[in-house]
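Trainee: below: sequence and its predicted model.
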Amino acid sequence: MEPSLARCGWRATARVRSAPVSNVPNPGAASGPAPSPPSGPGPLTPPADAAAPVRHPDAPAPGEPLGPHYEHCFGCGEAQPHGLRLRARAGEGVSITAEFTVGPDHQGAPGLAHGGVLATALDETLGSLNWLLRVVAVTGRLQTEFVRPVPVGTVLHLDARVTAVHRRKIYCTATGRLGGPEGPVAVRADALFVEVKVDHFIDNGRQEEIRAAMADPDQFRRVRAFEVNP
Ligand SMILES: CCCCCCCCCCCC(=O)SCCNC(=O)CCNC(=O)[C@H](O)C(C)(C)COP(=O)(O)OP(=O)(O)OC[C@H]1O[C@@H](n2cnc3c(N)ncnc32)[C@H](O)[C@@H]1OP(=O)(O)O
């Protein structure tokens, strides 16, 4: 380990195994070559009959801040002291821009953002696209690519857009850049969101939080508006 890291108390916890964990022989080794990886389009590739996304007529105007969708959301809520407090704005078409300042609470390695936190920032930005389609959708699949390390103190500039829609499936993509909208790419994601009814949250969420959210007229009206104005 670098002496400077040892001095600040950081210890690498991963260890490379040098001995086999089992004496059972690999059954695949005796039965011929390993199977080929799956070929053809993956689940993040829209099918040929997917449609182009359509911006809802009541979507926020380009440049308009979207505001948190829920005050306790780890991605955007104001009531989460260690959350990301990601700030998103509507873009042109079915696109979003967002900013997230990496703080000391978001570290993985010393001075660097945790990969899971960066995946959350991408997920939250992609989830904000719901406001432009005016549908409620949840992440079904999220594929992330970590291109550059992201130091604490960085403002990550994110942009996301919907690429296609097929029945309840919403295909989208996002990029995060260091320091500015034209900065070097640090993270990327492709995702598939699946449209759900508001009942998805009511039926599955812990009752304590559901009751509190339903008792908040602003919260309730905002979410229901998605369903009555398709
Ligand atoms: C109040 C605040 C509001 C606003 C709330 C906004 C919150 C934003 C927060 C950020 C976003 C999040 O983190 S959301 C939280 C993380 N995500 C979740 O918790 C989701 C957990 N998963 C689920 O609940 C479920 O698996 C669903 C809803 C994703 C899918 O279940 P389902 O509703 O039964 O749908 P199902 O019929 O199976 O599938 C419909 C179509 O989608 C495809 N499909 C479904 N899942 C997948 C998948 N993982 N990968 C590929 N494809 C999939 C199917 O093949 C099918 O295609 P075809 O037959 O039509 O071709």
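Mentor: Ah, there it is.

Trainee: domain map for this structure?
Mentor: Listed domain ranges for the chain are 51-196, 197-230 (source: automatic domain parsing).

Trainee: nearest to Leu44, of those domains?
Mentor: Leu44 sits nearest to domain 51-196 of all the domains of the chain, at 4.7 Å, using CB to CB. C-beta: built from backbone N, CA, C; applies to glycine.

Trainee: near the ligand at all, the closest one?
Mentor: Yes - under the criterion of CB under 6 Å from any ligand atom, domain 51-196 makes contact with the ligand via 69-70, 123-124, 127, 130, 136, 138-141, 167-169, 192, 194, 196.

Trainee: quick one: which of these sit in strands?
Mentor: Residues of the residues of domain 51-196 next to the ligand located in strands (DSSP state E): Val138, Thr139, Gly140, Arg141, Lys169, Leu192, Val194.

Trainee: buried among the residues of domain 51-196 next to the ligand? Make that a ChimeraX selection.
Mentor: If you want just the buried ones from the residues of domain 51-196 next to the ligand in ChimeraX, going by 16 or more other CB atoms under 10 Å, the selection is:
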select :69,70,123,124,127,130,136,139,140,169,192,196
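
Trainee: can you pull the buried residues of the helix ranked longest in the chain?
Mentor: Criterion DSSP state H: the longest helix present in the chain is helix 115-128. Across helix 115-128, burial judged by 16+ other CB under 10 Å covers Val117, Leu118, Ala119, Thr120, Ala121, Leu122, Asp123, Glu124, Thr125, Leu126, Gly127, Ser128.

Trainee: which of the three states applies to the closest residue to the fifth one other than its chain neighbours?
Mentor: Taking CB to CB, 6 or more residues apart in numbering as the measure, Ala121 lies nearest to Phe100, with 4.6 Å between them; neighbours along the chain are not counted. Following DSSP: H, G, I helix; E, B strand; the rest coil, the label given to Phe100 is strand.

Trainee: how far away is Phe100 from the ligand?
Mentor: For Phe100, the distance to the ligand equals 13 Å [CB to the nearest ligand atom, to the nearest Å].

Trainee: what sits against Val155?
Mentor: Contacts for Val155 (CB atoms under 8 Å, 6 or more residues apart in numbering) come out as Glu99, Phe100, Thr101, Val102, Gly179, Gly180.

Trainee: ok so, going back, okay, the domains of the chain in TSV with mean pLDDT and distance to Gly42 next?
Mentor: Output for the domains of the chain, formatted as TSV (pLDDT from 0 to 100; distance: least, CB to CB, whole Å):
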stretch	mean pLDDT	distance to Gly42
domain 51-196	97	9
domain 197-230	80	25
